[in-house]
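Return atomic coordinates for the entry below.
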Amino acid sequence: MKIISTIIPSEVDYGFGKETLNEKRYIIIDEETGEVLDDAQGYGFKTFQKAIKCWGWKHAKNHNPHPSKKKPELTDEELDNLFFQEKVKMQNKKRIKSEVNSAK
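Numbers count the residues shown, from 1 in each chain. Okay, the predicted model is just below:
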């Protein structure tokens, strides 16, 4: 892994005309093959330090890109309890719907 600086052109629209800016950005490449390993979705990293942080974070031992989406494992008792709660909710909805229909 090697981090190199490169110039990435970006187009800016000021409303009265467009201008192309050449910004210095950093990308991560494989030293042996020259393959781009990470380029921040084509934009490049703004700083050398951010490129290092991103690479470290993505290649950490226990990396989970979506920690909030990790679902907890439930015991059989907890699953039964959830199933029972949903069953009660459905029964209540049916009861309320029938009461509303009979009131008409």
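
So which elements touch the longest helix along the chain?
The longest helix of the chain (DSSP state H) is helix 76-103. Of the remaining helices and strands, none touches helix 76-103 by 3 or more C-beta pairs under 8 Å, 6 or more residues apart in numbering; DSSP states H and E. To be clear about C-beta, it is placed using only N, CA and C from the backbone, and glycine gets the same treatment.

Run the chain-centre distance for it.
Here helix 76-103 is found 35 Å from its chain centre; the criterion is C-alpha atoms, centre = their mean, to the nearest Å.

For it, give the mean pLDDT please.
Over the span of helix 76-103, the pLDDT mean works out to 86.

cool, and stretch 1-17?
In this model, stretch 1-17 has an average pLDDT of 83.

Pull the contacting residues for the residue nearest to I52 when sequence neighbours are not counted.
In this structure, I52 finds its nearest non-sequential neighbour in I3, 6.9 Å apart by C-beta to C-beta, 6 or more residues apart in numbering. By C-beta atoms under 8 Å, 6 or more residues apart in numbering, I3 lies in contact with Y26, I27, I28, I29, F48, A51, I52, W55.

so which of the residues you listed comes closest to L37?
Of all these, I28 has the smallest distance to L37: 4.6 Å, by C-beta to C-beta.

secondary structure element for that closest one?
strand 18-29 (DSSP states H and E).

Show me what the helix or strand that contains the residue nearest to I52 pairs with in its sheet, parallel or antiparallel.
Using DSSP H and E, I3 maps to strand 2-13. Its sheet considered, strand 2-13 pairs with strand 18-29 (antiparallel) by DSSP bridges.
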